[in-house]
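[1] Sequence first, then the predicted structure, then my questions.
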Amino acid sequence: MTVAIELGHTTTGLNGGSAPATLDLEELLATRLLVQGNSGSGKSHLLRRLLEQSAPWVQQCVIDPEGDFVTLGERFGHLVIDAEAQTEQALQLAGERARIHRVSTVLNLEGLDSEGQMRRAAAFLGGLFETGRDHWYPMLVVVDEAQLFAPAVAGEVSDEARKLSLGAMTNLMCRGRKRGLAGVIATQRLAKLAKNVAAEASNFLMGRTFLDIDMARAADLLGMERRQAEAFRDLARGHFIALGPALSRRPLGVTIGGTETEARNPTPRLLPLPGGPTEDMRAVILAAPPPEAQRPPRRSPPPPPPDLLSQLMAAKPILTEARAEAAAAPMSPAILAERRARLDAILRAILADPEAGFRAIGVLYQDFLVRCRIEGIGAGAPDLPAFRRMLTHARAGVGAEAAEDAGWQEVAARGAVLPEDMQGIFLMLARAARDGLPCPSDGTLARAYGTRSLGRARRLLAYMEEQGLIVCQTDGAGRRIVTLVELAWATAPGHPGADAVLAG
């Protein structure tokens, strides 16, 4: 069944003409949409029109950083979720349940700082993405101000928050189609949006923009000549140039129609200033401040409710005197060896998940703590820095007992000059060199580093070579051999074609 929804009417040139401008909803679900325009160009109005027209036909989710779309709940029955009052774990579960029960939602991120918005949006999108195959129903996922959640360059937020958010947006736009997720992203500036996210859209609605770099990128995406890019400066509010299989096979001017709902914060309008004698205003504005005792105290916002994992970590078991003495007693070598073996088994189980290499360290650590509690070693579980070291060795295939070997400690000391996220790659190469195994492929190295880019894996090797830690060579068949400097350990030649496993 083909469903065509009406966005407004077409224009001949930039400001004339009138013919219905339709969007093929079935095609949109398969090809995704990118909306671009400077502030005030009418992006949010366009998204609202699209959401209202398609609400009867498809489940929707809106990632709303400014709280503009909460009014959809009153008219169209969207469930409005206040992200500020929810934990990341609760939002991930809410995303899964919304998908399962086919409930349209608006995730209101208003009131959160940039990092909080990125983390909570990533958690909710993760819940939508990780839902089981039986619930992969068609769903329109609209992300307003997408440059906040998929920035092209690092900003003031932490690297972990940026990786979580960018990973969730990449999953939505690159891998969401097979799961029924159709991404619709809107941004003020194409130059601020991560290219791998923007590149996955096949439909475009380009609004008014003034910066040369944004006009040039918009013209390239629409297949227009550079001299035609000046047209984007002349577009009026609510006017867009459309292109894509769901819109038009040729660039087409579109004027967006009206909407049934409005944002809570409409466009500011001019109001006359209040009248009054100047001296009266001087007395009011410059009046002496009241004494501190009379000034009403500022109310600090209530702390967010702790998530279940935090409560479990804060809970202290009641120990009897005998158990307390047993806990304080030193462990025998046999018990320590058994504990190391159990921790190694937990790490192997975590890394057995194909997606484990692409998850943030905080998410992996939470999974690790839960598994430790299940195994009965939660009280003595390693802290986060120790877990990082254990995970680095586990990814390299080095167990906890082997890591205490003097030779491996020397290798780890040499690799300490590298950034923490590269040390595991160095240990992986060292293990292959020590055991005479084939050199790990680019795909294997990329997965261990937490990326899908084979080029980044090759750049890691180049960086280690610049630091004087390794030497890369190729044999007569073009197979790579890595030698560790000073230790004289060398890998066997890597097998050609081993990277094909990463292509899927």
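    Yes, it's here.

[2] What ranges does this structure have for its strands?
    4-11, 20-24, 33-36, 59-64, 79-82, 105-108, 139-143, 181-187, 203-206, 239-244, 248-256, 470-474, 480-484, 489-490 (DSSP state E).

[3] how about these, which one is nearest Pro440?
    strand 480-484 (8.4 Å; CB to CB). For glycine as for every other residue, the C-beta is placed from the backbone atoms N, C-alpha and C.

[4] I'd like the strands of the chain written out as TSV, with mean neighbour count and mean pLDDT added.
    Formatted as TSV, the strands of the chain follow (neighbours: other CB atoms under 10 Å; pLDDT from 0 to 100):
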stretch	mean neighbour count	mean pLDDT
strand 4-11	18	87
strand 20-24	19	90
strand 33-36	26	92
strand 59-64	25	94
strand 79-82	18	93
strand 105-108	26	94
strand 139-143	25	94
strand 181-187	25	93
strand 203-206	24	90
strand 239-244	24	89
strand 248-256	18	88
strand 470-474	15	89
strand 480-484	20	89
strand 489-490	19	88
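
[5] Relative to Arg447, which of these is closest?
    That would be, of the strands of the chain and by CB to CB, strand 480-484, which comes in at 16.7 Å.

[6] Run the angle between that closest one and strand 470-474 for me.
    Going by axes from the mean of the first three to the mean of the last three CA atoms, to 10 degrees, strand 480-484 is angled at 160 degrees with respect to strand 470-474.

[7] List the pairing partners of strand 480-484 within its sheet, with orientation.
    strand 470-474 (antiparallel), strand 489-490 (antiparallel) (DSSP bridges).

[8] Adding distance to Ala161, write the ones you listed out as TSV.
    TSV is the format used below for those (distance: least, CB to CB, whole Å):
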stretch	distance to Ala161
strand 470-474	32
strand 489-490	38
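
[9] for those strands, which one sits closest to Leu46?
    strand 470-474 (50.6 Å).

[10] got the contact list for the closest one?
    The contact list for strand 470-474 (CB atoms under 8 Å, 6 or more residues apart in numbering) reads Phe426, Leu429, Leu461, Ala462, Met464, Glu465, Arg480, Ile481, Val482, Thr483, Leu484, Val485.

[11] and what of stretch 108-123?
    63-67, 70, 80-84, 86, 88-89, 91-92, 95, 107, 143, 148-149, 155-158, 161-162, 164-165, 167-168.

[12] For it, list every residue counted as buried.
    108-110, 112, 114-123 (16 or more other CB atoms under 10 Å).

[13] Would you map out the domains in this structure?
    Domain segmentation of the chain under automatic domain parsing yields 4-256, 329-404, 410-504.

[14] Isn't Arg434 up against Trp489?
    Yes: taking CB atoms under 8 Å as the definition, Arg434 is a contact partner of Trp489 at 5.2 Å.

[15] ok, back up a step: buried subset of the contacts of stretch 108-123 as a ChimeraX selection?
    Buried members of the contacts of stretch 108-123, defined by 16+ other CB under 10 Å, are picked up in ChimeraX with:
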select :63,64,65,67,70,80,81,83,86,88,91,92,95,107,143,148,149,157,161,162,164,165,167,168
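
[16] Of the contacts of stretch 108-123, which belong to helices?
    Glu88, Gln89, Leu91, Gln92, Gly95, Ala161, Arg162, Leu164, Ser165, Gly167, Ala168 (DSSP state H).

[17] Please verify my assumption that the fifth one contacts Val141.
    Pointing back at Gly95 there. No: distance between Gly95 and Val141: 10.2 Å, which falls outside the contact criterion (CB under 8 Å).

[18] Need the residues touching each of these two.
    Cys61, Leu125, Leu128.

[19] separation between the closest residue to the last one other than its chain neighbours and Ala236?
    For Leu128, ignoring the flanking residues on the chain, the nearest one in space by CB to CB, 6 or more residues apart in numbering is Gly95 at 4.5 Å. Distance of Gly95 to Ala236, computed by CB to CB, to the nearest Å: 37 Å.

[20] What of Glu420?
    51 Å.

[21] Could you list which residues are in contact with Ala492?
    Here Ala492 is in contact with Ala432, Gly436, Leu437, Pro438, Cys439, Ile481 (CB under 8 Å, 6+ apart).

[22] most neighbours, which of these?
    Cys439 (26 neighbours; other CB atoms under 10 Å).

[23] Dihedrals phi and psi, that residue?
    phi -60, psi 130 (degrees, to the nearest 10).

[24] Look up the pLDDT of it for me, please.
    On the pLDDT scale, Cys439 is placed at 90.

[25] Distance check, the closest residue in space to it that isn't next to it in sequence against Asp435.
    Spatial nearest neighbour of Cys439, excluding adjacent residues (CB to CB, 6+ apart): Gly494 at 3.6 Å. According to CB to CB, Gly494 and Asp435 sit 14 Å apart.

[26] Among those two, which residue is more densely surrounded?
    Gly494 (23 against 11).

[27] which ones are touching the more buried one?
    Pro438, Cys439, Pro440, Ser441, Arg479, Arg480, Ile481.

[28] can I get the ones in helices among the contacts of stretch 108-123 in a markdown table with pLDDT and distance to Leu222?
    A markdown table is the format used below for the ones in helices among the contacts of stretch 108-123 (pLDDT from 0 to 100; distance: CB to CB, whole Å):
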| residue | pLDDT | distance to Leu222 |
| --- | --- | --- |
| Glu88 | 90 | 38 |
| Gln89 | 90 | 42 |
| Leu91 | 93 | 36 |
| Gln92 | 92 | 37 |
| Gly95 | 92 | 33 |
| Ala161 | 89 | 33 |
| Arg162 | 89 | 29 |
| Leu164 | 91 | 32 |
| Ser165 | 92 | 27 |
| Gly167 | 91 | 28 |
| Ala168 | 92 | 27 |
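
[29] would you turn the residues you listed into CSV with distance to Trp408?
    Formatted as CSV, these follow (distance: CB to CB, whole Å):
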residue, distance to Trp408
Glu88, 36
Gln89, 36
Leu91, 41
Gln92, 37
Gly95, 42
Ala161, 33
Arg162, 32
Leu164, 32
Ser165, 36
Gly167, 31
Ala168, 36
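
[30] if we take the residues you listed, which one ends up nearest to Pro354?
    Gly167 (14.6 Å).

[31] For that closest one, give its distance to Thr71.
    On the measure of CB to CB, Gly167 and Thr71 end up 31 Å apart.

[32] Now for this protein, the helix or strand with the poorest mean pLDDT.
    Sorting the helices and strands of the chain by mean pLDDT, DSSP states H and E puts helix 321-328 at the bottom, at a mean of 46.

[33] In this model Gly253 seems to touch Ile241, though I could be wrong.
    Yes: using CB under 8 Å, Ile241 is in contact with Gly253, at 6.1 Å.

[34] neighbours of the spatially closest residue to Gly362 that is not a sequence neighbour, just the number please.
    Using CB to CB, 6+ apart and skipping residues adjacent in sequence, the residue nearest Gly362 is Glu160, 6.2 Å away. Applying other CB under 10 Å, we find 15 residues neighbouring Glu160.
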